[in-house]
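Enquirer: 3D model of this:
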Amino acid sequence: QVQVVESGGGLVQPGGSLRLNCAASGSIFSIYAMGWYHQAPGKQRELVAHITSGGTTTYKDAVKGRFTISRDFAKNTVYLQMNSLNSEDTAVYYCFADLQVEASPPRRIIYWGQGTQVTVSS
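Expert: I've put the predicted structure just below:
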């Protein structure tokens, strides 16, 4: 079994910063990538950022230059530093882990966290 747990969400004023943390635990053999999606009310879930085991990063256009994703795959952890937040960033943020579980035969599975709310409001 694998668990993915997010933390770090909350209420922040426009222009402020938050850091989201995500840790995967359990029967993990290796991690291919981890990252974050977000979903605002009435909208589809969208990719915010992800990072591969090799360090390649991808960002949603609207967050480029403001958000930074980083990883410590030795700890099965990924972080999302969010700066210059605005109301458009208000959403539930979901972490995902694309990994190989310890099993025979090996299996590649994407696991999701429960989500953490980020609200940007004055």
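
Enquirer: tell me the contacts of the residue nearest to residue 107 when sequence neighbours are not counted?
Expert: Ranked by Cβ to Cβ, 6 or more residues apart in numbering and with sequence neighbours excluded, the top spatial neighbour of residue 107 is residue 101, at 5.3 Å. Placement of C-beta: from N, CA and C, glycine included. Shown in contact with residue 101 (Cβ atoms under 8 Å, 6 or more residues apart in numbering): 2, 26, 27, 28, 29, 107, 108, 109.

Enquirer: Show me the beta-bridge partners of residue 101.
Expert: Taking DSSP bridges as the rule, residue 101 bridges to residue 28, residue 107.

Enquirer: Quick one: residues contacting the residue nearest the centre of the chain.
Expert: A centroid search over the chain (Cα atoms, centre = their mean) returns residue 36, at 2.7 Å, as the residue closest to the centre. Contact partners of residue 36, counting by Cβ under 8 Å, 6+ apart, are 20, 22, 47-50, 69, 78, 80, 93-96.

Enquirer: What of residue 39?
Expert: 45, 46, 91, 92, 94, 115.

Enquirer: Mind telling me what element the nearest residue to residue 114 once chain neighbours are set aside is part of?
Expert: Counting by Cβ to Cβ, 6+ apart, residue 6 is the residue found nearest to residue 114 once chain neighbours are left out, at 7.1 Å. Element membership for residue 6, per DSSP states H and E: strand 2-7.

Enquirer: Repeat that for residue 24.
Expert: Counting by DSSP H and E, residue 24 is part of strand 18-26.

Enquirer: I would like the residues contacting that strand, please.
Expert: So strand 18-26 is in contact with 1-10, 12, 31, 34, 36, 75-82, 85, 93, 95, 97, 99, 101, 111, 113, 116, 118, going by Cβ under 8 Å, 6+ apart.

Enquirer: Identify each buried residue in it, please.
Expert: 18, 20, 22, 23, 24 (16 or more other Cβ atoms under 10 Å).
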